[in-house]
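>>> my questions are about this predicted structure, shown below with the sequence.
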Amino acid sequence: SQRSITQGSFESVLALSSYPSFVIRQAQRTHEHIGPTELPEHVALLGNFLELPLLGDLSSKEIESLWHERMSQEDGVAAAIPSDIYTMMHRRGIECPLFLHVLPRDDGFELYLSQISGHQVGFTSLIEYQSHQENARASLSLNYYTELQRSKGLVFMKGEFDTDFVVLDPSYACLLACYSPSQHA
């Protein structure tokens, strides 16, 4: 069962380092390059959500309010993260790019694997990873926009669902975003 935790599941997680990562493998299949400071080409730019040239005179609090207002009109998860918190999260993500999450479900638990690559975190269920390994599809991707990190002290996060592979509803996606591996000490 997908929701049961077995010893076999943990043993396969211990062997993950021998497999190519699913986020990077997905990017390679679409000929995209994911560098340490960029997002994949298919990810919408921050300028698609906020008019960046008009933000110069606004305070961080005003920009954060604009972000929340804009994101409230869309499905999914989003956040405005203070720069110092994101710097710590990103550093931890570099140190430990793979993480296993235990997500509570109605009748038990489900295991999700996350991987951090650059400024993106991809999540896939462990059962999907066990079935397809490096070809596993990410059911949720968190994209971090760092364009205003230095000037305004903010990093914006927006979560994207794979519309062809929806296995998470927004409340569970929010839980995964809150439990993101880069936030753990």
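Cool, got the structure. Residues are numbered from 1 along each chain as shown.
>>> okay, residue 140: pLDDT?
Residue 140 is assigned 87 on the pLDDT scale.
>>> what about it, how many neighbours?
25 (other C-beta atoms under 10 Å). Glycine gets a C-beta too; all of them are placed from N, C-alpha and C.
>>> which stretches of the protein aren't confidently modelled?
Within the chain, the stretches with pLDDT under 70 are 1-37, 163-167, 179-185.
>>> quick one, longest strand in it?
The longest strand of the chain (DSSP state E) is strand 108-117.
>>> now the helix or strand following that one: how far from the chain's centre is it?
Remark: after strand 108-117, the chain's next helix or strand is strand 120-125, criterion DSSP states H and E. Distance of strand 120-125 from the chain centroid (C-alpha atoms, centre = their mean, to the nearest Å) equals 6 Å.
>>> before we move on, the earlier item: how about the longest strand of the chain: buried residues?
110-117 (16 or more other C-beta atoms under 10 Å).
>>> and the strands in the protein, which stretches?
Using DSSP E, strands in the chain cover 78-82, 98-105, 108-117, 120-125, 140-145, 154-161.
>>> any idea how far the residue of the chain most remote from its centre is from residue 149?
Going by C-alpha atoms, centre = their mean, the residue of the chain most distant from its centre is residue 57, 29.9 Å out. Counting by C-beta to C-beta, to the nearest Å, the gap from residue 57 to residue 149 is 18 Å.
>>> please apply the same query to residue 90.
Taken as C-beta to C-beta, the span from residue 90 to residue 149 is 10 Å.
>>> cool, and residue 89?
12 Å.
>>> what sits against the nearest residue to residue 175 once chain neighbours are set aside?
What sits nearest to residue 175 in space, not counting adjacent residues and going by C-beta to C-beta, 6 or more residues apart in numbering, is residue 103, at 6.0 Å. With contact set as C-beta atoms under 8 Å, 6 or more residues apart in numbering, residue 103 has these partners: 109-112, 172, 175-176, 179.
>>> before we move on, the earlier item: make TSV out of the strands of the chain and add distance to residue 51.
Converted to TSV, the strands of the chain look like this (distance: least, C-beta to C-beta, whole Å):
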stretch	distance to residue 51
strand 78-82	16
strand 98-105	35
strand 108-117	28
strand 120-125	24
strand 140-145	14
strand 154-161	14
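>>> for residue 43, give its distance to residue 61.
Noted for residue 43: a distance of 26 Å to residue 61, by C-beta to C-beta.
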